[in-house]
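Student: Provided below are the primary sequence and the corresponding predicted coordinates.
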Amino acid sequence: MAASTARRGTALVVVDVQNDFCTGPLAASRYPGDPAALRTVVANTARAVAAARAHGTEVVHVRFVGDPAHQGPAWRHRDARRDRPPKCLEGTWGAEFAAPLEPAPGERVFTKRACFDAFLCDGFERHLVDRGAGHLAFAGLFTDVCVDSTARTAFQKGFHITVLGDCTTALHTPDEQILRFMRRLYGARVTPYDRTAVWTRHPEEEKEAESWPLPSRTPQASTEASD
């Protein structure tokens, strides 16, 4: 299923802003940079969501659950070798959306079951197409894992990509590096959340391309970081 060139709508896709990834001791222990960056992502993403709602842009929420029952053999083998417990277990505080990013009534929520790419969720692509979205703006965690995995599939399926650069951070690579990669490979726009008039607009409606400096947060290399 590919996005039709006639689809001009925008959806803000909020990826995995859940407690185990962005707040509390587990999040702080696995993020190799300053945990304050995670708090900034949550705060800026909340502002982006509020702006999307005020503008009438659809907000779609994506969540991750990592229960062993959902894991494939390779995933279980990787975690066993790393001696890592599963994250975001269904029904736990860690799997809940971080405050204040709870979905509003009527907003769709899609669940990734031990996978990175939201297009593997039942109904995700169908919902976007049915809603006329041909352009996806991304916020959430982590830029180089689930955000990139989803954006990569989106691009291949014909969706235009924008990344809200101050509403995301990377786990394994410098932020600037992964955002430059996405800009180059997917033609992604990278813009701050407060440029609402830009990221709520389909890229083909721009008279000329605009560009903003990439965020420069650089997580320290660490063997403790894990997907």
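Tutor: Right, received. Where do you want to start? Numbering: from 1, shown residues only.

Student: the top helix by length along the chain: what's the following helix or strand?
Tutor: As assigned by DSSP state H, the longest helix anywhere in the chain is helix 36-55. The helix or strand immediately downstream of helix 36-55 is strand 58-65, counting by DSSP states H and E.

Student: residues contacting the next helix or strand after that following strand, please?
Tutor: For strand 58-65, the following helix or strand on the C-terminal side (DSSP H and E) is helix 73-82. The contact list for helix 73-82 (Cβ atoms under 8 Å, 6 or more residues apart in numbering) reads 68, 71, 85-86, 114, 226. For every residue, glycine as well, the C-beta is placed using N, CA and C.

Student: so which residues of this structure form strands?
Tutor: In the chain, the segments counted as strands under DSSP state E are 9-15, 58-65, 109-113, 133-141, 160-169, 189-191.

Student: turn the ones you listed into CSV, columns for distance to residue 197 and mean neighbour count.
Tutor: Below are the strands of the chain laid out as CSV (distance: least, Cβ to Cβ, whole Å; neighbours: other Cβ atoms under 10 Å):
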stretch, distance to residue 197, mean neighbour count
strand 9-15, 11, 26
strand 58-65, 17, 22
strand 109-113, 27, 18
strand 133-141, 12, 27
strand 160-169, 12, 26
strand 189-191, 10, 23
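
Student: who are the packing partners of the least confident helix or strand in the chain by mean pLDDT?
Tutor: When the helices and strands of the chain are scored by mean pLDDT, DSSP states H and E, helix 24-30 comes last with a mean of 88. Applying 3 or more Cβ pairs under 8 Å, 6 or more residues apart in numbering; DSSP states H and E, we find helix 24-30 packed against helix 19-22.

Student: just the buried residues of the helix it packs on, please?
Tutor: 19-22 (16 or more other Cβ atoms under 10 Å).

Student: and these as a markdown table, adding distance to residue 99 and pLDDT?
Tutor: Formatted as a markdown table, the buried residues of helix 19-22 follow (distance: Cβ to Cβ, whole Å; pLDDT from 0 to 100):
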| residue | distance to residue 99 | pLDDT |
| --- | --- | --- |
| 19 | 9 | 97 |
| 20 | 14 | 97 |
| 21 | 14 | 97 |
| 22 | 10 | 95 |
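
Student: let me have those residues in TSV, extended by distance to residue 62.
Tutor: Below are the buried residues of helix 19-22 laid out as TSV (distance: Cβ to Cβ, whole Å):
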residue	distance to residue 62
19	15
20	15
21	12
22	14
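
Student: closest to residue 93 out of those residues?
Tutor: residue 19 (5.7 Å; Cβ to Cβ).

Student: gap between the residue nearest to residue 183 when sequence neighbours are not counted and residue 22?
Tutor: Once flanking residues are discounted, residue 183 sits nearest to residue 190: 5.6 Å by Cβ to Cβ, 6 or more residues apart in numbering. Distance, residue 190 to residue 22, by Cβ to Cβ, to the nearest Å: 20 Å.
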